[in-house]
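S.K.: Provided below are the primary sequence and the corresponding predicted coordinates.
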Amino acid sequence: MKNSGEAWPPEGTEPVAAHPDAPGPGTKLGVHFSECFGCGDEQDGGLHMESTVGDGLTVKSQFTVTEAHQGAPGLAHGGLLACAFDEALGSVAGNLLRLPAVTGRLETDFRRPVPVGSTLFITATLDGMDGRKIYVSAEGRLDAEDGPVAVRARALFVTVEFDHFTTHGDPNAWKKMRDSNRVNP
Ligand SMILES: CCCCCCCCCCCCCC(=O)SCCNC(=O)CCNC(=O)[C@H](O)C(C)(C)COP(=O)(O)OP(=O)(O)OC[C@H]1O[C@@H](n2cnc3c(N)ncnc32)[C@H](O)[C@@H]1OP(=O)(O)O
């Protein structure tokens, strides 16, 4: 990504390897939490994204834009596209490192309109870590793996203790996530 003019990943970022128990290339990741807005299959209004581990330190996700995702008539809402990238970027960080982490910063570049009915093919890459900071980036291509780039994004995720979720969210977060992580427990 060039737009912010900052080096990416920032100086001090170290390369990382996938966790030894991380799912391998070709593994379908399924749902990490059934009520997740990004991937959940019990979230009627959600994005219903599907992700698969790619080669190297990547996860490939697909997001099909429906009428429920419009901003302007016939076009995806930019905020929902940012959400799709948050999910894809969180998936590459969480699944390959197997560490609990939350989005600290998310940047998006919208390069082409994304029409209703189109599918974004998103490739998210784990770029490295610096202490608790995880750097990830992604690009989304229109309607095919080699389609034109419509959106680019990059993000900083920060690792947290699991009690981040039980303290700030639902005290039963651990059980809920464990019970609904059906594909990649
Ligand atoms: C097997 C598992 C599978 C799992 C699959 C999961 C898929 C998930 C898919 C779903 C995906 C959806 C995911 C979601 O939707 S996550 C939901 C959206 N995000 C949040 O709610 C996060 C809210 N923020 C916080 O809780 C805290 O601020 C955090 C925890 C992030 C940090 O507060 P904490 O007090 O703990 O730590 P710290 O402040 O010392 O910061 C630590 C370091 O980080 C640096 N820093 C922090 N923020 C920024 C920033 N904005 N720009 C630049 N740098 C920043 C900071 O300078 C410091 O650096 P350094 O001083 O060490 O150098």
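M.R.: Cool, got the structure.
S.K.: now tell me what touches stretch 169-177 from outside.
M.R.: Counting contacts by CB atoms under 8 Å, 6 or more residues apart in numbering, the residues outside stretch 169-177 that touch it are His32, Phe33, Glu35, Phe162, Phe165, Thr166. (Glycine included, C-beta is placed from N, CA and C.)
S.K.: wait, does stretch 147-164 contact the ligand?
M.R.: Yes: when contact is scored as CB under 6 Å from any ligand atom, part of stretch 147-164 falls within range of the ligand: Leu156, Val158, Val160.
S.K.: quick check: residues of this structure near the ligand?
M.R.: Listed as neighbours of the ligand in the chain under the rule CB under 6 Å from any ligand atom: 32, 38, 86-87, 90-91, 94-95, 98, 102-105, 131-133, 156, 158, 160.
S.K.: so how do I select the buried members of the residues of stretch 147-164 next to the ligand in ChimeraX?
M.R.: Those of these that meet the burial criterion (16 or more other CB atoms under 10 Å) are gathered into one ChimeraX selection, given here:
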select :156,158
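S.K.: next step: the residues of stretch 147-164 next to the ligand restricted to strands.
M.R.: Secondary structure assignment (DSSP state E) places Leu156, Val158 from those within strands.
S.K.: what about the residue in the chain positioned nearest to the ligand, how many residues nearby?
M.R.: Among all residues of the chain, Gly90 sits closest to the ligand, at 2.5 Å; criterion: CB to the nearest ligand atom. In terms of burial, Gly90 registers 24 neighbours under the definition other CB atoms under 10 Å.
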